[in-house]
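Enquirer: Quick one: sequence plus predicted model below, questions after.
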Amino acid sequence: MTLGYLALVLHAHLPFVRHPESAYMLEEEWLFEAIAETYIPLLQRMAGWQRDGMDFKLTISLTPPLISMLRDPLLQDRFEVHFTKLRELIAQEHQHHQNHGHLRYLTEFYMEEFDRVWATWEEHQRDLVGAFAGFAATNNLEILTCGATHGYLPLLSQHPAAVRAQLQVAVAHYQETFGRSPAGIWLPECAYYNGLEEMLAEVGLRYFLVDGHGLLYAQPRPRYGTYAPVFTEAGVAAFGRDHESSQQVWSSQVGYPGHPVYREFYKDLGWEADYDYIKPYITPDGHRKNTGIKYHKITGRNLGLDAKQLYDPYWAKEKAAEHAANFAYNRQQQIRYLNQLMGREPIVVCPYDAELFGHWWYEGPWFLDFLMRKSYFDQQFFTVTHLADYLQNHPTQQVVQPAQSSWGYKGFHDYWLNETNAWIYPHLHAAAERAIALAQREPADDLEERALNQAARELLLAQASDWAFIMRAGTMVAYAEQRTKTHLLRQKKLYEDILAGTIDSGWLTKVEYMDNIFPNINYRVYRPTLMPVTV
């Protein structure tokens, strides 16, 4: 008899980055790297679990921007061009290192890995979203939604209609994609504020995730802390993140990904190869970039990049198996202790960014594979579940009011509201007011309706929390600022042109092509009171 439950929850998200106006855009490679290093390896592991008769359970959020990009023919074509060049480069590297035993071994390893990625891409006929949906159809995978463009909801709450639009558009997009309604939502950045649960209930969502302190400081205090979900008065459940298991994976000091035997992320062939040799495989304007081919291991946390030793995937995989066994053992001891303390079966919720597994932590997919197999075959202390199944089997829980929180720096809003990005919010609020005003209109003709819908898209894209995050992180800041300003200016121009009756049809067509997310959006979603609106 199981003593408790373990829920692995992965958050798969990237901002909507699509630039048909440019022949090459470096930021689109965020998607291409995640496809090759995270999403396809995850699909491969799930296929292996099914093949081996495992009734596995996993929860994943696929955000609307990510789904839209994965299903976009232009980006699919560009991924194929990108990955074909990568395979060409590793084949060239294999020839180049014929007389260096270790590097020849590594190039052969990468060639085989890249062949498997390409085979999976072709097997699913480029439709990775459909591949994930296939695992959801067998109830092995629970797919969550998110905010429409990952807007940071507490900082949009000055205009409830803007928050509601993020939720309504996301739910409608999920329904269009999967043919059913989502049960749960990964709140963007796990950011919650009081009253949000009422909007979640209005759009039909049953549960959401918060950071651990969102439950630990709830009123009244939850009897079981983060080890049982709670219900809000709106009837929507909240699951809290477990701090102990998160630290084992996330912490830069004690977490698994920092082990010396694992692959070094920051030492890449694109920065180290002879310039004339690597030039065909970097940016068209000649700037070096990451290629994804990395030959060195972390070696030591305090060592410079020049002191890194060559990587060995055999020993890295062995270490991933060891770490998976350690993680499973720690969960057994944790759950056994909690069961005795609580007098009931706890659930330990382990949420992570999906891109950690494979992209940032190259061995992450191996870790997940070993963990799921060890949990399924090698122990009986806990049952791996996904959140929807758990709620269905445990429908009675304590009612509390969660605390306002996020899973960012200091557990609050600091990372998304500080000296680097505070300037965006007055503009976002003004744009929300324009959207609410436009939502009251009835279009005079098809052209005006198109302009109204495009104005709604532009606001959603401007609200993405990714831009504020990048400004604070200090990487690609110019791009994040440019994206924020571009979408705000496009929305403002559309607003003014609609009111003046001077819509430029040619310009509108270009903008519709560039920012083509949510093709079926209905601008009336921004009406300030909830009304039956088809979005």
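Expert: Structure's in. What do you need?
Enquirer: Now do the same contact list for the nearest residue to residue 3 once chain neighbours are set aside.
Expert: Nearest residue to residue 3 in three dimensions, chain neighbours excluded: residue 339, at 4.3 Å (C-beta to C-beta, 6 or more residues apart in numbering). Quick note: C-beta positions are derived from backbone N, CA and C, even for glycine. By C-beta atoms under 8 Å, 6 or more residues apart in numbering, the residues touching residue 339 are 3-4, 345-346.
Enquirer: In terms of helices and strands, where is residue 339?
Expert: For residue 339, the host element (DSSP states H and E) is helix 313-342.
Enquirer: Give me the next element, helix or strand, following that helix.
Expert: That would be, after helix 313-342 and using DSSP H and E, strand 347-353.
Enquirer: Can you name the element that comes right after that following strand?
Expert: Downstream of strand 347-353 (by DSSP H and E), the next one is helix 364-377.
Enquirer: contact partners of the helix or strand just after that following helix?
Expert: Where DSSP H and E defines the elements, the next helix or strand beyond helix 364-377 is strand 382-384. Under the contact criterion C-beta under 8 Å, 6+ apart, strand 382-384 has outside partners 2-8, 56-58, 331-332, 335, 348, 372, 375-376.
Enquirer: Can you say which of those are buried?
Expert: The neighbour count (16 or more other C-beta atoms under 10 Å) marks 3-8, 56-58, 331-332, 335, 348, 372, 375-376 as buried among the contacts of strand 382-384.
Enquirer: Could you identify the pair within the residues you listed that is furthest apart?
Expert: Using C-beta to C-beta, those span at most 20.6 Å, a distance reached by 3 and 58.
Enquirer: what's the neighbour count on the nearest residue in space to residue 76 that is not next to it in sequence?
Expert: Closest residue to residue 76 in three dimensions, ignoring its sequence neighbours and counting by C-beta to C-beta, 6+ apart: residue 126, at 4.8 Å. Neighbour count of residue 126, defined by other C-beta atoms under 10 Å: 19.
Enquirer: And residue 126, how far from residue 20?
Expert: According to C-beta to C-beta, to the nearest Å, residue 126 and residue 20 sit 18 Å apart.
Enquirer: can you check residue 424 too?
Expert: Residue 424 is 25 Å from residue 20, by C-beta to C-beta.
Enquirer: so residue 242 makes contact with residue 350?
Expert: Yes - in this structure, residue 242 is within contact of residue 350 by C-beta atoms under 8 Å, at 6.0 Å.
Enquirer: neighbour-wise, which of these two wins?
Expert: The neighbour count for residue 242 versus residue 350, taken as other C-beta under 10 Å, is higher for residue 242 (24 against 20).
Enquirer: Run through the residues that contact the more buried one.
Expert: Neighbours of residue 242 in contact, by C-beta under 8 Å, 6+ apart: 212, 226-227, 348-350.
Enquirer: thought residue 40 was touching residue 119?
Expert: No - under the criterion of C-beta under 8 Å, residue 40 makes no contact with residue 119, lying 9.5 Å away.
Enquirer: For residue 200, see how far away residue 168 is.
Expert: Residue 168 is 11 Å from residue 200, by C-beta to C-beta.
Enquirer: Report pLDDT for the spatially closest residue to residue 386 that is not a sequence neighbour.
Expert: What sits nearest to residue 386 in space, not counting adjacent residues and going by C-beta to C-beta, 6+ apart, is residue 142, at 3.8 Å. pLDDT for residue 142: 98.
Enquirer: what residue of the protein is the furthest out?
Expert: Largest separation from the mean C-alpha position in the chain: residue 99, at 41.2 Å (C-alpha atoms, centre = their mean).
Enquirer: Secondary structure of that residue: a strand, I assume?
Expert: No - per DSSP: H, G, I helix; E, B strand; the rest coil, residue 99 lies outside any strand segment and is coil.
Enquirer: Can you list phi and psi of it for me?
Expert: phi -100, psi 10 (degrees, to the nearest 10).
Enquirer: domains for the protein, by residue range?
Expert: 4-71+127-145+182-255+313-410, 80-124, 264-310, 417-526 (automatic domain parsing).
Enquirer: can you redo the ones you listed as TSV with distance to residue 155?
Expert: As requested, those are exported to TSV (distance: least, C-beta to C-beta, whole Å):
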stretch	distance to residue 155
domain 4-71+127-145+182-255+313-410	8
domain 80-124	34
domain 264-310	30
domain 417-526	6
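Enquirer: Out of those domains, flag the one nearest residue 172.
Expert: Here domain 417-526 is closest among the domains of the chain (C-beta to C-beta), at 7.4 Å.
Enquirer: gap between the closest one and the chain center?
Expert: 22 Å (C-alpha atoms, centre = their mean, to the nearest Å).
Enquirer: what mean pLDDT does that domain have?
Expert: pLDDT averaged over domain 417-526 gives 97.
Enquirer: So which of residue 40 and residue 119 has more stuff around it?
Expert: Comparing residue 40 with residue 119 by other C-beta under 10 Å, the one with more neighbours is residue 40, at 23 against 12.
Enquirer: Report the contact partners of that one.
Expert: 117, 120-121, 128.
Enquirer: now do residue 65
Expert: 13-16, 149-150, 464, 517.
Enquirer: And residue 57, by the same measure?
Expert: Contacts of residue 57 (C-beta under 8 Å, 6+ apart): 7, 140, 142, 384-386, 389.
Enquirer: Now tabulate the residues you listed in CSV and tack on secondary structure and distance to residue 411.
Expert: Conversion of the contacts of residue 57 to CSV gives the following (DSSP: H, G, I helix; E, B strand; the rest coil; distance: C-beta to C-beta, whole Å):
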residue, secondary structure, distance to residue 411
7, strand, 21
140, coil, 32
142, strand, 26
384, strand, 27
385, coil, 26
386, coil, 25
389, helix, 28
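Enquirer: Show me which pair in those is furthest apart.
Expert: Farthest pair in the contacts of residue 57, by C-beta to C-beta: 7 and 140, 13.5 Å.
Enquirer: Counting neighbours, what do you get for residue 101?
Expert: So residue 101, with other C-beta under 10 Å, has 9 neighbours.
Enquirer: how close does it sit to residue 113?
Expert: 19 Å.
Enquirer: Next: residue 129.
Expert: Distance from residue 129 to residue 113, by C-beta to C-beta: 23 Å.
Enquirer: Low-confidence bits of this protein, can you list those?
Expert: Within the chain, the ranges that satisfy pLDDT under 70 run 252, 529-535.
Enquirer: Swap in 80 and give it another go.
Expert: 1, 250-254, 408-410, 529-535 (pLDDT under 80).
Enquirer: ok, now which ones touch residue 204?
Expert: 171, 181.
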